[in-house]
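Trainee: Provide a 3D model corresponding to the input given below.
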Amino acid sequence: MYRRCLGLSVLCGLLAACGGGGGGGASPSPNASPIASAGADIEVNKNTLVTLAGTGTDSDGTIASIAWTQTGGASVVLNGSNTYAAYFTAPNVTANTTLEFTLTLVDNRGASTTDSVRVQVQPGIWEDGVALRDSRFGLAACSLANEIYVFGGANFDTLTEKFDVTNQTWTTLATMPTARRHGHACAVVSNKIYVMGGYNDVMGGWNGLDTVEAFDPATNSWSTQTPMPTPRYGAAAAALNGKIYVLGGRNGTANTLSTVEEFDPASGTWSTKASLPIAVHSPVAAVIAGKLYAIGGYGADNTAHADSYEYDPATNAWRQLASMTTSRVGHSEIMWDGRIYVFGGESDTAGGAIASIEMYDPGTNRWSQKSDMPHAREYHASAIVADSAYLLGGRSTSQGAQPLVYEADIYNPGQDE
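Mentor: Next up is the predicted model:
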């Protein structure tokens with residue numbers, strides 16, 4: 001009996017050891033997913049060759065397939081997408097643009113995993129823009145939303161155009177009621193663009209205009225506003241607290257003005273404010289943190305000025321600031337990141353248009369030089385959309401045939417630090 005039981009015990013042990021008695025084989029071990037790495041996020045310059053740096057491992061098998069796909073940003077042609085080192089040419093962007101790519105790995109038993117990487121494409125400091133269809137000097141430009149509106153200019157006195165930054169296209173809009181050849185200004189209040197002053201051939205000579213007209217982009221229409229108390233051309237204008245301030249200018253060939261007037265579009269009324277400390281025409285005006293700035297221009301002393309002044313509407317008073325390193329007339333400006341950028345113009349020492357740029361920081365009351373423009377220009381226009389400034393038209397000299405600048409240049413201040 002004992003021997004029989006012992007034999008059964010041995011038989012049972014053998015069956016257990018061989019997997020018998022349970023009705024099947026051993027369970028397969030679970031399949032671990034592969035590990036994918038798409039690499040670290042990177043920053044690259046536009047138009048450069050970019051190679052992605054993916055890697056992958058599989059602890060219990062092999063990688064059967066590799067696949068890169070683009071999952072975000074401006075579309076690019078992705079080469080070698082079935083290898084770890086896929087590559088592409090960064091797009092020609094005009095602002096910082098983020099692209100996203102996903103690496104997918106599948107192992108020999110069908111398990112998969114993914115990982116993603118972001119590639120930030122940076123524009124250069126300067127880009128080539130879409131030029132005006134009819135290049136000219138003496139034009140005015142203002143930006144609103146994602147569009148730039150351009151008004152008048154030499155030989156195109158009543159022309160109104162819009163540049164769509166998204167679509168990179170120019171469109172002709174409703175004709176400006178008053179011809180403005182040169183020296184007019186524009187400012188934006190409540191989604192309307194107010195154009196004022198300047199002169200035209202109809203008036204004869206250099207007599208300044210007092211007319212003010214408002215353009216409504218929503219209806220593509222113009223409306224007449226209350227005239228300026230002081231007719232002028234070569235004035236600068238800027239909007240602050242829902243009002244428009246018009247600074248300096250000239251009325252006739254010899255009468256350079258220090259006059260400052262404020263227009264309230266809501267009531268249609270004008271009021272006189274504290275005069276500029278000096279009389280100038282063709283300065284620029286800018287607004288930063290509730291203060292108004294007047295910069296440069298051509299003085300009654302027949303010289304270009306480098307002076308800068310700040311106006312406080314709360315006290316109706318001006319104070320002098322640090323001067324630019326270069327005297328300028330016929331320059332342009334944009335405001336970006338709490339600072340003022342001034343472009344080109346003409347200087348007494350240059351004998352023609354200059355290409356230099358200066359940046360003013362109100363926090364430090366200092367001017368600093370920035371990267372030169374690709375094309376020297378004066379009496380041009382500039383406007384900023386998002387983080388890019390667009391420089392349009394102008395001429396390269398005030399002498400002789402006064403050759404026009406046909407190219408449009410795009411400046412990216414964030415890349416010029």
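
Trainee: residue ranges of the strands in the stretch 101-250 of the chain, please?
Mentor: Counting by DSSP state E, counting those that start in this stretch, the stretch 101-250 of the chain has these strands, from start to end: 112-122, 126-128, 140-144, 147-151, 160-164, 169-172, 182-189, 192-199, 212-216, 221-224, 236-240, 243-247.

Trainee: Would you mind checking which helix or strand in this structure has the lowest mean pLDDT?
Mentor: The weakest-scoring helix or strand in the chain, judged by mean pLDDT, DSSP states H and E, is helix 2-17 (a mean of 37).

Trainee: Format the strands of the stretch 101-250 of the chain as CSV; extra columns: mean neighbour count, mean pLDDT and distance to S267.
Mentor: Glycine gets a C-beta too; all of them are placed from N, C-alpha and C. As requested, the strands of the stretch 101-250 of the chain are exported to CSV (neighbours: other C-beta atoms under 10 Å; pLDDT from 0 to 100; distance: least, C-beta to C-beta, whole Å):
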stretch, mean neighbour count, mean pLDDT, distance to S267
strand 112-122, 17, 96, 46
strand 126-128, 17, 89, 42
strand 140-144, 21, 98, 22
strand 147-151, 22, 98, 24
strand 160-164, 20, 98, 26
strand 169-172, 12, 97, 32
strand 182-189, 24, 97, 12
strand 192-199, 25, 97, 14
strand 212-216, 20, 98, 14
strand 221-224, 14, 98, 15
strand 236-240, 23, 98, 15
strand 243-247, 24, 98, 10
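
Trainee: partner residues bridging the residue lying closest to R133 once chain neighbours are set aside?
Mentor: Leaving aside its sequence neighbours, R133 sits nearest to W170 (C-beta to C-beta, 6 or more residues apart in numbering; 5.4 Å). With DSSP bridges applied, W170 shows beta-bridge pairing to F163.

Trainee: just checking, H281 touches Y298?
Mentor: Yes. Using C-beta atoms under 8 Å, H281 is in contact with Y298, at 5.3 Å.

Trainee: Between those two, which contacts overlap?
Mentor: Shared contacts of H281 and Y298 (C-beta atoms under 8 Å, 6 or more residues apart in numbering): G234, T256, V329.

Trainee: Would you enumerate the residues in contact with D337?
Mentor: Going by C-beta under 8 Å, 6+ apart, D337 touches P413, G414.

Trainee: okay, it: pLDDT?
Mentor: You'll see D337 listed with a pLDDT of 97.

Trainee: Now do the residue lying closest to T349 once chain neighbours are set aside against T315, distance only.
Mentor: Leaving aside its chain neighbours, T349 sits nearest to S327 (7.6 Å; criterion: C-beta to C-beta, 6+ apart). Noted for S327: a distance of 28 Å to T315, by C-beta to C-beta, to the nearest Å.

Trainee: quick one: L392 and A141 touch, right?
Mentor: Yes. Assessed by C-beta under 8 Å, L392 is found in contact with A141 at 6.1 Å.

Trainee: Common neighbours of those two, please.
Mentor: Both L392 and A141 are contacted by I148, V150, A381, S382, A383, under the criterion C-beta under 8 Å, 6+ apart.

Trainee: mind putting these in JSON lines, distance to P123 included?
Mentor: Rendered in JSON lines, the data for the shared contacts of L392 and A141 read as follows (distance: C-beta to C-beta, whole Å):
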{"residue": "I148", "distance to P123": "17"}
{"residue": "V150", "distance to P123": "22"}
{"residue": "A381", "distance to P123": "21"}
{"residue": "S382", "distance to P123": "17"}
{"residue": "A383", "distance to P123": "17"}
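
Trainee: Farthest pair within those residues?
Mentor: Greatest spatial distance in the shared contacts of L392 and A141: V150 and S382, 10.8 Å, computed using C-beta to C-beta.

Trainee: which residues do the two both contact?
Mentor: Contact with both V150 and S382 is made by residues A141, L392, according to C-beta under 8 Å, 6+ apart.

Trainee: Can you give me the first-to-last residue distance of stretch 137-145?
Mentor: 24 Å (C-alpha to C-alpha, to the nearest Å).

Trainee: May I have the secondary structure class of G414?
Mentor: Assigned state for G414: helix (three-state reduction, DSSP: H, G, I helix; E, B strand; the rest coil).

Trainee: If I look at it, what pLDDT would I see?
Mentor: With respect to pLDDT, G414 scores 90.

Trainee: which residues touch the nearest residue to it once chain neighbours are set aside?
Mentor: When the adjacent residues along the chain are set aside, G414 lies closest to D387, with 5.3 Å between them (C-beta to C-beta, 6+ apart). By C-beta under 8 Å, 6+ apart, D387 lies in contact with A95, N96, W336, N412, P413, G414.
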